[in-house]
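# Need the 3D shape of this:
(2 chains)
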Amino acid sequence: MVRLGRLRRGSAGTEPWLMAGLAALVGVAASTVAVALRSGVHLLFESLQSVRDSPFGIALPAVGALLGVLVIRVLFREPGGHGVPAVLEAVSRNGGSMRPRSMISRLLGSLINVSSGGSAGLEGPIAFSAAAVGSTVAAGAQVAERQRILLLACGVAGGIGAIFNAPLTGVIFATEVVLAEWTLMAVIPVVVAATVATSIGRGLLGAEGAFTSGEFDWGAGELALSVPLGLLAGLVSVGLVGSIFQAERVVSWLKKNRFLRKPGVVAAIAGFGVGAIGWLFPQAIGEGYELVNECLNDDFHSEFFIFTAALLLAKFVATVLTLGSNAPGGIFAPSLVLGAALGFTYGGALNVIPGVEVEAGFFALLAMAGLVAGTMQAPFTGMFLALETTGSWAETLPLMLVAVLSALVSRTLLKHSFYTWELAESGRLLRPGTDQRILADLQAVEMLDLESVKIETGKTLDDLAQMLPATRRNHFAVIDENGVFQGMLDLSALRSVIFDPLLRKMTSVETAMDSLVPRIRHDDSLLEAMEIFEEVGAWVLPVVNKEGQFLGTLSKSTLFDRYRRELIVQTATRAE
Amino acid sequence: MALNLDDAARLLGVSPATLRRWAREGQLGVLRPSGDYRFDENELRSWARSHGLRLREGRASGKAAWPTAGAAPASEEQPLTLALARGGDFSGDSVEDRDALLHAMVSQVPLAEGADRAQLLSQLLEREALTSTGLGEGFAVPHPRTPSTAFTPEPIVMLALPRPALDWGSLDGEPVHAVFLLVNPTPQAHLKVLSRLAFVLRDPGFASLLREGASFEEVLTAAAQLEPRG
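Coordinates of the predicted model:
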């Protein structure tokens, strides 16, 4: 560990190798988490089958959602939610730090929720747990913040790679969604982690993809028909994300009630809704992978598209209920299922048109990528998730088309994705290395001019003139006997009197100072300080503490100089 | 409304060269891309808003100016003469000492509606207690410790020529025969008026007018002739 500690000082030659080694370690740990979750869900789902078939089955999702939320909120005392936004916040605000207990909290919670029928996926919890694994390994190795964030992303890549048997998807998700950065130094450890984790996952869980799809015959006609499907997938994605956040708004309104505010109550009530849907459409609840396979393999007769349309609606409502009520779970699986149902419905409906004959399963595959790309605004993740989980590499071209069109529609209609919405709305989404992030990191107190000159009330400009030879400053703060800031003296504004010995003796500093000058608070960020400078067009402003005491001045030129230096430091390792 | 390059650059707070580069790089929309640039103002505004750029609305570039603490209005070419005309001269019975004179002047000086005259007087006395405002050679410039728009929106100078001359505690020990009461809205205005007053007082002709107890009209005319414009 002592040797690894050197990473903090960044020995350029060995750093990538050490990071690759740590990434492999994270990969091993992340795959363990993924295997535990996957087999746990499988076992629990199977053993609950008898309950599901009994009259109590309708209440099962409610019990699961309640227990799932209780595990996370009460047992582990962590905030609820989907998991991925928490990972993004750890990256953008907390330097990649996550608590070790986060490794299992969401794992258990979502295991219970999804196994009992909650309409949610496992990528949220696995991303969260595996990210905590990466962060914990980083803490043990005592690496610096930047490397910690990278190892956290390694965990995410490994976890997703192992659980879906989709290493590329893991890599893409970690870079596209979590890091939002595509540099060689970032990609190498992420790939190492995904490779290691997925190989272990394949060894323990089997080498099959999550889905099996048939072979499709497609040509220019099908390619042309994918264009409207891409747009449609985008609209459904927007509808889904919008409805989930609308539901969350309703939930937070409901939580004004004292009883409903207790953890898990709302999720349980929504769980009854899910149970009712599951009673009508058993395929619509839980992860719902069966439905995907049936769509992909044209198990339904193509005329069944009316039925899949109803399933689409049922799954949509079940997902909004589950995720909107903050029951633990992710949006990968629901997106894939909704996509499959949408694509199949689309293909089936096309067959009704005389002279048109298409394979509905082909469109089901495309729409799966489309829905993931649209809800997450991450086209690459959508493409590779659909490709790797189905093994349909021959359909890459139409798949790309649908994924990108869907992301385009989603981006046009929604400012943020499912993952970033909440963070971005509250200003907590700050990607590393971006302008906003740097501006928010630096505080006014770090940029103080400590040699700034102050003068007490009651003195005259003559006293000030005596101080001038000893300083190069042009702005002087006037303070009272308690050090509280009173106003600012600007030498250039004093020019008319400061050279006249009689007049400057005649003028006390309070008479000449500008007492209306805006003050910057010591804990203001650079961003806030810049806004104040912009607003008043000043060059030098005073910085005060909570009590209003003067701490020093801040000049616009220092601010830009420090900003530039911070920019160099924060982006340096990225440029390699 | 179409803006030319210079106006658009001023609105965005960047140099015309920067704006030209942005237009060339396709960062923002241009009405007439070749030759002289023209920008649609509404489009430019919404572009700036979407990029988080703060617009410089009608502000002279680079000049420090925050609300109400600015310099004296630029239209006043002769701030002292104007302030003196506003303040007028003190007309009252002869008084015994400095404080009595200040008291009487404060009750006459034309202040803003609802201004606190008692507050002004106490500030004047407080200021005299600090150090005398006697300039020497028989002149004094009493003023409150902090200029404030609560007293007056515009600079005011009121003249009093006390006879007999009063003891003001001046550095040179001379009794004061010409008192200029300065009441100003801002520090900048105060410094401006004070420095102009010092300038005209240095003129021997002006000084003798005051010593001889000339009429206010004569003093005002002399000040207008002496005070530089601009």
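
# Chain B contacts on the stretch 101-250 of chain A?
Applying the criterion CB under 8 Å from any CB of the partner chain, no portion of the stretch 101-250 of chain A neighbours chain B. Every C-beta, even on glycine, is put in place using the N, C-alpha and C of the backbone.

# Could you list the low-pLDDT ranges of the stretch 101-250 of chain A?
Within the stretch 101-250 of chain A, not a single segment meets pLDDT under 70.

# centroid residue for chain B?
In chain B, the residue lying closest to the centroid (CA atoms, centre = their mean) is residue B:189, at 2.1 Å.

# Could you double-check that that one sits in contact with residue B:155?
Yes: in this structure residue B:189 lies within contact range of residue B:155 using CB atoms under 8 Å: 4.7 Å.

# Name the helix or strand for the residue nearest to the centre of chain B, please.
helix B:187-201 (DSSP states H and E).

# And for residue A:489?
strand A:485-490.

# How about residue B:228?
Per DSSP H and E, there is no helix or strand for residue B:228.

# Tell me how many other residues crowd it.
10 (other CB atoms under 10 Å in any protein chain shown).

# can you tell me if whichever strand or helix holds residue B:21 touches chain A.
Assigning secondary structure by DSSP H and E places residue B:21 in helix B:16-25. No: with CB under 8 Å from any CB as the criterion, chain A is not reached by helix B:16-25; the gap is at least 15.3 Å.

# now that helix, how far from the chain's geometric center?
39 Å (CA atoms, centre = their mean, to the nearest Å).

# Output it as CSV - backbone C-alpha positions only.
Provided in CSV are the C-alpha atoms of helix B:16-25 (Å, rounded to 0.1, in the frame of the first residue of the first chain):
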residue,chain,number,x,y,z
PRO,B,16,-15.2,42.8,-32.3
ALA,B,17,-12.3,40.5,-33.3
THR,B,18,-13.7,37.7,-31.0
LEU,B,19,-17.2,38.1,-32.4
ARG,B,20,-15.8,37.9,-35.9
ARG,B,21,-14.0,34.7,-35.0
TRP,B,22,-17.1,33.2,-33.4
ALA,B,23,-19.1,34.0,-36.5
ARG,B,24,-16.4,32.5,-38.7
GLU,B,25,-16.3,29.3,-36.6
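
# Please spell out which residues along it are buried.
For helix B:16-25, the buried set under the neighbour-count rule, 16 or more other CB atoms under 10 Å in any protein chain shown, comprises B:19, B:22, B:23.

# ditto for stretch A:281-293
A:281, A:282, A:283, A:284, A:285, A:286, A:287, A:288, A:289, A:291, A:292, A:293.

# And stretch A:219-238, by the same measure?
So, applying 16+ other CB under 10 Å, buried residues of stretch A:219-238: A:222, A:225, A:226, A:229, A:230, A:231, A:232, A:233, A:234, A:236, A:237, A:238.

# ditto for stretch A:501-518
Those would be A:502-517, for stretch A:501-518 by 16+ other CB under 10 Å.

# excluding its backbone neighbours, what's nearest residue A:367?
residue A:343 (3.1 Å; CB to CB, 6 or more residues apart in numbering or on different chains).

# Provide a list of residues in contact with the one you found.
A:229, A:233, A:295, A:360, A:362, A:363, A:364, A:365, A:366, A:367, A:368, A:370 (CB atoms under 8 Å, 6 or more residues apart in numbering or on different chains).

# repeat that for 10 Å
A:226, A:229, A:232-233, A:295-296, A:308, A:312, A:360-371, A:402 (CB atoms under 10 Å, 6 or more residues apart in numbering or on different chains).

# Where does residue B:182 fall, secondary structure wise?
strand B:178-183.

# packing partners for that strand?
Counting contacts by 3 or more CB pairs under 10 Å, 6 or more residues apart in numbering or on different chains; DSSP states H and E, strand B:178-183 is packed against helix B:79-87, helix B:98-108, helix B:117-130, strand B:134-136, strand B:139-140, strand B:156-160, helix B:187-201, helix B:204-211.

# where does chain B dip in pLDDT?
Ranges of chain B meeting pLDDT under 70: B:31-35, B:58-76.

# hmm, 80 instead?
Residue ranges of chain B with pLDDT under 80: B:1, B:21-37, B:50-77, B:92-94, B:230.

# Now do the phi/psi pair for the one residue in the stretch 351-500 of chain A that gets nearest to chain B.
With CB to the nearest CB, the shortest gap between the stretch 351-500 of chain A and chain B falls at residue A:496, namely 3.7 Å. Taking degrees, to the nearest 10, you get phi -70, psi -20 for the backbone angles of residue A:496.

# Skipping adjacent residues, who's closest to it in space?
residue B:195 (3.7 Å).

# who's in contact with the one you found?
A:494, A:495, A:496, A:497, A:498, A:499, A:500, A:503, A:507, B:79, B:80.

# The third one - how many residues pack around it?
For residue A:496, the neighbour count with other CB under 10 Å is 17.

# pretty sure it contacts residue B:196?
Yes: in this structure residue A:496 lies within contact range of residue B:196 using CB atoms under 10 Å: 8.2 Å.

# Is residue A:450 in contact with residue A:550, as I believe?
No: using CB under 10 Å, residue A:450 makes no contact with residue A:550, being 11.9 Å away.

# between these two, who's got more neighbours?
Each of residue A:450 and residue A:550 has its neighbours counted (other CB under 10 Å); residue A:550 has more, 21 against 7.

# who does the more buried one bridge with?
residue A:544 (DSSP bridges).

# now it: how far from residue A:203?
Separation of residue A:550 from residue A:203 (CB to CB, to the nearest Å): 66 Å.

# what about the closest residue to chain B within the stretch 51-200 of chain A, neighbour count?
Going by CB to the nearest CB, chain B is nearest to residue A:92 of the stretch 51-200 of chain A, at 17.9 Å. For residue A:92, the count of nearby residues is 23 (other CB under 10 Å).
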